[in-house]
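Have a look; sequence and predicted model below, questions after that.
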Amino acid sequence: MIRVGILGATGAVGQRFVQLLDGHPYFRVTALAASERSAGKPYRDAAHWTLDTPMPEIVAGMEVQTCEPPLDCDFVFSGLDSSVAGEVEAAFARVGYPVISNAKNYRMHPDVPLLIPEVNPDHTKLIERQRWNEEADDLDARGYIVTNPNCSAVGLVCALKPLHDAFGIGAMHVVTMQALSGAGYPGVASLDAVANVVPYIGGEEPKLGEEPGKLLGTLTENGIEPEAILTSATCTRVPVVDGHMEAVSVQFNDHWEMEEVVEALRSFTSPIDALNLPSAPSPLIRVFDEDAYPQPRRHVHLGGGMQVSVGRLRECELLDVKFIVLSHNTIRGAAGGAILNAELLRAQGYLNPRGERLGVM
Ligand code: NAP
């Protein structure tokens with residue numbers, strides 16, 4: 001078993017980590033950390049548990065610590081607020097911990113993988129370029145940071161990947177309808193959220209402009225060469241509990257036929273299928289023929305919340321093809337995605353009990 005610490009364990013994403021790691025075949029939670037407000041309390045008192053399964057017994061009595069190294073674990077997941085994630089994650093990496101983060105702070109750092117295992121598993125090689133502690137020559141003593149993308153970018157890029165491979169995407173227009181849990185807890189005030197739509201989410205639209213290019217980019221000797229995809233994004237908050245839905249139109253660089261587009265999505269096999277990772281859904285993408293699907297309430301839990309749903313595939317009057325994509329924001333888009341990242345890193349030899357780390361694929 002590899003021992004795991006969770007930074008930001010009390011938040012919306014932190015609670016998903018705790019839930020999804022309960023009974024995990026490789027990872028066991030041995031440390032929980034959050035702000036000074038929570039530190040010193042047992043987890044059951046520090047976390048306002050909002051999930052629909054009971055809090056796992058194994059963590060309920062565990063004392064929450066502050067987010068400072070050392071913690072009694074082999075690596076950490078981070079579900080920290082971005083106001084503190086930058087400093088805290090670097091502090092852990094500097095003293096040798098692998099940090100697998102959901103926060104935005106290092107996503108676009110040239111040496112930090114922005115990872116979706118089914119899309120760009122080779123980008124983990126960037127880890128070998130990281131030098132958080134110049135004095136740590138020994139590979140084993142070196143920490144690193146790996147990030148997962150913005151919760152809307154995850155579902156979007158999973159759907160774009162087969163299309164980009166087949167036809168090359170030159171431009172896209174996307175309108176998101178993002179769930180309330182995406183704003184953490186307590187999140188959006190009820191008077192703004194109930195029976196309403198808020199047509200702005202601070203900081204989201206630029207992320208959809210830059211993250212897909214890095215995710216679909218090519219690993220070279222000098223780092224990632226991003227794909228140039230001209231993007232127009234509008235991000236909205238809707239009164240849905242879990243599940244980000246997106247209306248997407250894409251323009252292709254190459255010749256396409258509608259049946260080839262549908263086939264590319266239906267037949268996509270991910271490059272990690274053969275690894276049989278515990279959190280990997282199979283298939284990655286579920287394509288619906290029904291006009292009224294996918295819907296958050298009905299389909300967000302497919303594949304344990306890790307599958308990405310695509311529907312309403314049709315020709316676009318302005319660009320080439322348009323469709324709807326739906327994915328679970330705190331599972332596929334956050335904690336579940338980060339756990340899958342850790343499973344891939346373990347399979348590639350980057351994640352081991354401390355002292356045995358950084359074997360290379
Ligand atoms: P959240 O519910 O507000 O939780 C934030 C966590 O950070 C809590 O555990 C909180 O601890 C901790 N924290 C806040 N200030 C701190 C400080 N000064 N020192 C140490 N810990 C501190 O937020 P969330 O929705 O879980 O999001 C967490 C991160 O994941 C964010 O960076 C977010 O952008 C990213 N993310 C979220 C989603 C989503 O769907 N929610 C999806 C993808 C990525 P206390 O409880 O002690 O205050």
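Ah, there it is.

tally of neighbours for the residue of the chain at minimum distance from the ligand?
The nearest approach of the chain to the ligand comes at residue 11, 2.0 Å away (C-beta to the nearest ligand atom). In short, each C-beta sits where N, CA and C put it, glycine included. Residue neighbour count, defined by other C-beta atoms under 10 Å, stands at 25 for residue 11.

show me the contacts for it.
By C-beta atoms under 8 Å, 6 or more residues apart in numbering, residue 11 lies in contact with 34, 79, 80, 81, 184, 185.

The same query, at a cut-off of 6 Å, please.
The contact partners of residue 11, taken as C-beta atoms under 6 Å, 6 or more residues apart in numbering, are 79, 184.

The one 3 residues further on too?
Contacts for residue 14 were tallied using C-beta under 6 Å, 6+ apart; they are 6, 8, 79.

Let's verify it: helix, strand, or coil?
Following DSSP: H, G, I helix; E, B strand; the rest coil, the label given to residue 14 is helix.

Can you pull out the low-pLDDT segments for the chain?
Low-confidence segments of the chain (pLDDT under 70): 137-140, 355-361.

Around the ligand, which positions in it sit nearby?
8-14, 34-35, 37-38, 67, 79-82, 84-85, 102-104, 151, 181-182, 184-185, 329-330, 333-334 (C-beta under 6 Å from any ligand atom).

From those, list just the buried residues.
Using 16 or more other C-beta atoms under 10 Å as the burial test, the residues of the chain next to the ligand include 8-14, 34-35, 38, 67, 79-80, 84-85, 102-104, 151, 181-182, 184-185, 329-330, 333-334 as buried.

need the contacts of residue 14 in CSV with secondary structure, can you?
Output for the contacts of residue 14, formatted as CSV (three-state DSSP):
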residue, secondary structure
6, strand
8, coil
79, coil
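
Would you format those as a markdown table with distance to residue 295 included?
Output for these, formatted as a markdown table (distance: C-beta to C-beta, whole Å):
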| residue | distance to residue 295 |
| --- | --- |
| 6 | 31 |
| 8 | 30 |
| 79 | 27 |
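
Which element, helix or strand, includes residue 314?
Using DSSP states H and E, residue 314 sits in strand 308-315.

Revised request: answer the last question for residue 157.
Under the criterion of DSSP H and E, residue 157 resides in helix 151-167.

now swap in residue 45 and tell me
Per DSSP H and E: helix 43-46 holds residue 45.

Which elements pack onto that helix?
Packing partners of helix 43-46 (3 or more C-beta pairs under 6 Å, 6 or more residues apart in numbering; DSSP states H and E): helix 57-60.

How far off centre is stretch 241-253?
Centroid displacement of stretch 241-253 relative to its chain, using C-alpha atoms, centre = their mean, to the nearest Å, is 16 Å.
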